[in-house]
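> below are the sequence and a predicted model; questions follow.
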Amino acid sequence: MSEKVGKVIYSSPQSVWVEINEASVFEKNKKNLQVGKFLSIDDGNLNKVICSIQNIKAKEVNSAEGYTGDYGKFIVETQPIGTIQGDVFRRGSNSLPIPLEDVHVLDDDIISTIFSRSDDFNFEFGTLLQNDSVPLFIDGDKFFGKHIAVVGSTGSGKSCTVARILQNAVGINENANKHKEVQKNSHIIIFDMHSEYKKAFSLAEHEGFTLNYLDVSTLKLPYWLMNSEELENLFIESNEGNSHNQISILRKAIILNKEKYNRDISKVDYDTPVYFSIKEVYNYIYNSNVATKDANTGELQFVNPVQGLDSEEYQLFENIQFRPKDRGKINDGPFATEFDRFVIRLNTTLNDKRIKFITEPLKEDGTEFKTEDFTEILKQFIGYINKSNVSIIDLSGVPFEVLSITVSLISRIIFDFSFHYSKIKNEANALNDNPILIVFEEAHNYIPRSTESSYKSVKRSVERIAKEGRKYGLGSMIVSQRPSEISETILAQCNNFVALRLTNPNDQNFVKRLLPDSIASISDVLPSLGKGQCLLVGDSVPIPALVQLNMPNPAPSSDDIPFVKEWDTSWKDITFEDVIRRWKKE
């Protein structure tokens, strides 16, 4: 029988207050009377209402002569979270305890009952922070099948937490693969901003876990897969005065070139993901900028027209020359010098070696990717069914100028695949058996609250996943150290929150607004959590809980570099020239 500690003195759907009249009782049970721990209260119907402790305050003792100055009474403010009916825990309560009902410390065996493994709650997440002997099991399908937010300040253990959760999902523990005999069907795609996660998913060859790892040297993301927003983000400077004309000619040139190379497709538009030649599009814009025309007929005046082309406009895709102006006979073309700056910027972008994985990706045989190679491009991310459950896309070498475009394009491709895969399954009266989770690490870098046009395409792609992805077996994990800077639309769609230590007041308040009002008080612990400790809230957990996660093994390479450590002198072997050579090479 659990020990009685006090009585109810106030009861409402949001809060139940418990008075403890004796200091000795409080002292004896103070280990169990801490914020985040649980109490059991009779509800008058042979059931027990389980309440989470939110606040504790001492009350000065009142005697006949007035207040004595002694604090011998205590008020414990709790939040009702569920009921125990027999041996079964249920979230919520139809009846609340009335004043003067007895209050008891919750027995360890009841705590174990609440968080124990069952048919639904079968995914081990960690251990209770207040009682490390009690493992916490959550509903894995509701956790990964919906959307997840993992937030925490730098140094709170965010990367290790993400790695531990994902390792549990794919069966990695203590450098071993427990699923090596049976390949699971779920897939995880990680956008890795700082090259941290490769180490966490690299196992010995005999464990049969072949990580799918992509970086700028192996990633192939042809420009012709981009939609209109992504193309304009890459090639157009939106604040230039004639940007509308630049967009117009870029759109015209791309559609015309797509039609040239995809004659078997009846209808091609700006967003159709089919091959076109960006070099020919550049030629088209360059030639339009310097073209001359007949003063009377308006025909373009070529010096060396290419024979056999379908139309005059197709000539603009070639390396051609124009007749010089001749007063009264040959005039400037309609766009003469209009695109001087646009042509220079296009040329600079196409010759930027850092983004060759977009502007000039080549197959192993040295040829370009064409429309018929779409399947091979897609398999980079989700075609590893016989190899691994995890793909890491290392974005550390991706220039910031194209970071949002890269994330936008890959996210959109994966969403479209999941959408059409689900449709095929639905037509066969079957469920989607190919669930995918995308992990957006350091999400504030590319899906911010900012309204800048450069983030428009990526926000649209990720927001679409957040709003609709769950229906098609596509979940997301939003990871950030600055949640207040992320698109609120995206975080508002998250059904599960893993909140580690947050020290910034803006981030704390932002997260509190997204959490249910019923746990507002317990969320006050966020700035005082230790490394790897978190507040877990959401559909997947029986009740909101403070959790301690174990260190992942293998761990990600996310350790801080010590500053005051006494190093050896080997660092002197690296010269400034070595660094600069590496810098130029990248």
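It's in. Computed from a predicted model, the values in this text were never measured in an experiment.

> so what's S453 closest to, chain neighbours aside?
S238 (4.9 Å; CB to CB, 6 or more residues apart in numbering). (Each C-beta comes from the backbone N, C-alpha and C, glycine too.)

> before we move on, what about I393?
L214 (5.0 Å).

> now the residue nearest to S453: how far from F339?
Distance of S238 to F339, given as CB to CB, to the nearest Å: 15 Å.

> tell me which of these two has more neighbours.
Set S238 next to F339 and count neighbours by other CB atoms under 10 Å: F339 wins out with 21 against 14.

> residue contacts, the more buried one?
Going by CB atoms under 8 Å, 6 or more residues apart in numbering, F339 touches 242, 245-246, 249, 285-286, 288-289.

> could you check the distance from it over to V290?
Here the criterion is CB to CB. By it, F339 lies 9 Å from V290.

> what of I188?
50 Å.

> the more surrounded of these two?
I188 (23 against 17).

> let me know the pLDDT of the residue nearest to the spatial centre of the chain.
Centroid-nearest residue in the chain, with CA atoms, centre = their mean: F440, separated by 2.4 Å. The model reports F440 with a pLDDT of 97.

> which residues touch it?
F440 sits next to 191, 407, 446-447, 462, 476-479 when contact means CB under 8 Å, 6+ apart.

> ok, 6 Å please
191, 478 (CB atoms under 6 Å, 6 or more residues apart in numbering).

> who does it form a beta bridge with?
Judged by DSSP bridges, the bridge partners of F440 are F191, I478.

> what is the burial count for L403?
L403: 18 neighbours (other CB under 10 Å).

> that one reaches I447, doesn't it?
No: taking CB atoms under 6 Å as the definition, L403 is not a contact partner of I447, at 10.8 Å.

> lowest-pLDDT helix or strand in the protein?
Ranked by mean pLDDT, DSSP states H and E, the weakest helix or strand in the chain is strand 66-67, scoring a mean of 52.

> before we move on, the earlier item: how close does the residue nearest to the centre of the chain sit to C534?
Distance from F440 to C534, by CB to CB: 18 Å.

> can you check H244 too?
Using CB to CB, H244 is found at 48 Å from C534.

> when those two are compared, which one has more neighbours?
A side-by-side neighbour count of H244 and C534, using other CB under 10 Å, places C534 first with 28 against 10.

> what helix or strand is the more buried one on?
Per DSSP states H and E: C534 is located in strand 533-538.

> show the subsequent helix or strand relative to that strand.
Immediately after strand 533-538, counting by DSSP H and E, sits strand 545-548.

> may I have the very next helix or strand once past that following strand exported as PDB, CA atoms only?
Later in the chain than strand 545-548, the nearest helix or strand by DSSP H and E is helix 576-585. Taking C-alpha atoms only, helix 576-585 is exported to PDB below (Å, rounded to 0.1, in the frame of the first residue of the first chain):
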ATOM      1  CA  PHE A 576      48.400  27.700 -43.900                       C
ATOM      2  CA  GLU A 577      49.200  26.600 -47.400                       C
ATOM      3  CA  ASP A 578      47.700  23.200 -46.700                       C
ATOM      4  CA  VAL A 579      44.500  24.800 -45.400                       C
ATOM      5  CA  ILE A 580      44.200  27.200 -48.400                       C
ATOM      6  CA  ARG A 581      44.800  24.300 -50.900                       C
ATOM      7  CA  ARG A 582      42.000  22.300 -49.300                       C
ATOM      8  CA  TRP A 583      39.800  25.400 -49.300                       C
ATOM      9  CA  LYS A 584      40.400  26.100 -53.000                       C
ATOM     10  CA  LYS A 585      39.800  22.400 -53.800                       C
END
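
> just the buried positions in helix 576-585, please.
Across helix 576-585, burial judged by 16 or more other CB atoms under 10 Å covers no residue at all.

> centre of the chain versus that helix, how much separation?
The chain centre lies 33 Å from the centre of helix 576-585; the measure is CA atoms, centre = their mean, to the nearest Å.

> and it, what does it pack onto?
Judged by 3 or more CB pairs under 6 Å, 6 or more residues apart in numbering; DSSP states H and E, helix 576-585 is in contact with no other helix or strand.

> average model confidence for the helix or strand harbouring E468?
If you go by DSSP H and E, E468 is part of helix 456-468. Averaging pLDDT along helix 456-468 gives 93.

> try stretch 558-575
72.

> contact partners for V498?
150, 534, 536.

> sheet-wise, list the partners of whichever strand or helix holds it with their directions.
Secondary structure assignment for V498, by DSSP H and E: strand 496-499. Using DSSP bridges, strand 496-499 pairs in its sheet with strand 147-151 (parallel), strand 533-538 (antiparallel).

> any idea which helix or strand comes after that strand?
Next element after strand 496-499 (DSSP H and E): helix 505-514.

> give me the buried positions along that next one.
Buried-residue list, helix 505-514, by 16+ other CB under 10 Å: 507-508, 510-512, 514.

> which residues of the stretch 101-250 of the chain fall in strands?
102-105, 123-128, 135-138, 147-151, 172-173, 176-177, 187-192, 212-214 (DSSP state E, counting those that start in this stretch).

> most tightly packed of those strands?
strand 147-151 (a mean of 26; mean count of other CB atoms under 10 Å).

> just the mean pLDDT for that strand, thanks.
Here strand 147-151 scores 95 as its mean pLDDT.

> how many neighbours does D340 have?
11.

> how close does it get to V281?
The gap separating D340 from V281 is 17 Å, by CB to CB.

> and if you look at N351?
15 Å.

> before we move on, what about K425?
Taking CB to CB, one finds K425 at 38 Å from V281.

> who has more neighbours out of these two?
V281 (26 against 16).

> look up how far Y275 lies from that one.
12 Å.

> excluding its backbone neighbours, what's nearest L106?
Nearest one to L106, counting by CB to CB, 6+ apart, is F38 at 4.2 Å.

> kindly state the beta-bridge partners for that neighbour.
Using DSSP bridges, the bridge partners assigned to F38 are S52.

> return the set of buried residues in the longest helix along the chain.
The longest helix of the chain (DSSP state H) is helix 400-427. Within helix 400-427, the residues scored as buried using 16+ other CB under 10 Å are 402-415, 417-419, 421-422, 425.

> isn't K59 up against E77?
No: between K59 and E77 there is no contact under CB under 6 Å: 12.0 Å.
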